[in-house]
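>>> Task: produce atomic coordinates for the following.
(one chain, ligands or ions: 1)
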Amino acid sequence: MSLKKIIIHPDPRLKKICDRVDGVSPELRKLATDMLETMYDAPGIGLAAPQVGVLERFFVMDVAAKESAPEPRVLINPRVTWASEDENAYEEGCLSIPGIYEEITRPASVRMAFSDLDGKEHEEEFEGLTATCVQHELDHLDGKLFVDYLSGIKRRMITAKMKKLKKERAREG
Ligand code: NI
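Below is the predicted model:
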C-alpha cells in the first residue's frame, strides 16, 4: 500500500468527465486500496479517482462513525437511478479543497447503481450523510466540485485561497 498525492483545486484534472471503468484489473484493486489508505490518512470520508489524478469512474468512501469498525466501500461506475424530492443541507468539505466547509443542499436520499471490486452489480439506497457523500463523490467523476454550487463570488474567493495554499506548499517543497 502507498499513500497517493491528493490534487488540490484548482486543477484541470478535477474538471474532467471521467471514463467508465471497463472491468476490474489488479491495478484498479491496488489503486482502490491505496485510495482508501490515503482517505483514512487525510482523514476524510470519501475520495474519488480524479482527486489522485486517475480519470476513471470510481470512488472510495467510509462513513462509519469514528467509534465503530471501519466500513470501506468502493463504488465503480456509479449512477443515480432515483433521487428524493426531499432535500438535505450538510456542511461539506473536500480533500481537494482543504479547510473549507460550506453548507450544500442536495436530495436527502438517492438510489445508486454501481459495481464492486468483484465486478458484481448493486443498486442501493443511501440516506443522510451517506447520501450526501455519494453525490459529492459522483460529482467528482463529472468534473464538479462542491464549490460549483456556491455563488460565483464565494467560489472565486475559495479558489484564490487554494491557489495561495498551493503556492505556499510548493515553496515548502
Ligand atoms: Ni471531494
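>>> rest of the way, CA atoms for contacts and neighbours
Will do.
>>> What are the buried residues along the longest helix along the chain?
The helix that spans the most residues within the chain, counting by DSSP state H, is helix 152-172. Residues 158, 159, 162, 165, 166 are the ones in helix 152-172 that count as buried (16 or more other C-alpha atoms under 10 Å).
>>> now residue 109: how far from residue 144?
Residue 109 sits 19 Å away from residue 144, taking C-alpha to C-alpha, to the nearest Å as the criterion.
>>> can you check residue 122 too?
Separation of residue 122 from residue 144 (C-alpha to C-alpha) stands at 24 Å.
>>> Compare the two (neighbour count), which wins?
Taking other C-alpha atoms under 10 Å, residue 122 and residue 144 do not tie; residue 144 has more neighbours (17 against 13).
>>> Look up how far residue 123 lies from that one.
For residue 144 relative to residue 123 (C-alpha to C-alpha), the value is 23 Å.
>>> again with residue 80
Note on residue 80: its distance to residue 123, by C-alpha to C-alpha, is 9 Å.
>>> Find residues that contact each of the two.
Common neighbours of residue 80 and residue 123, using C-alpha atoms under 8 Å, 6 or more residues apart in numbering, are 111, 112, 113.
>>> Let me know the closest of the residues you listed to residue 170.
Minimum distance to residue 170 across the shared contacts of residue 80 and residue 123 is 38.5 Å, recorded for residue 112 (C-alpha to C-alpha).
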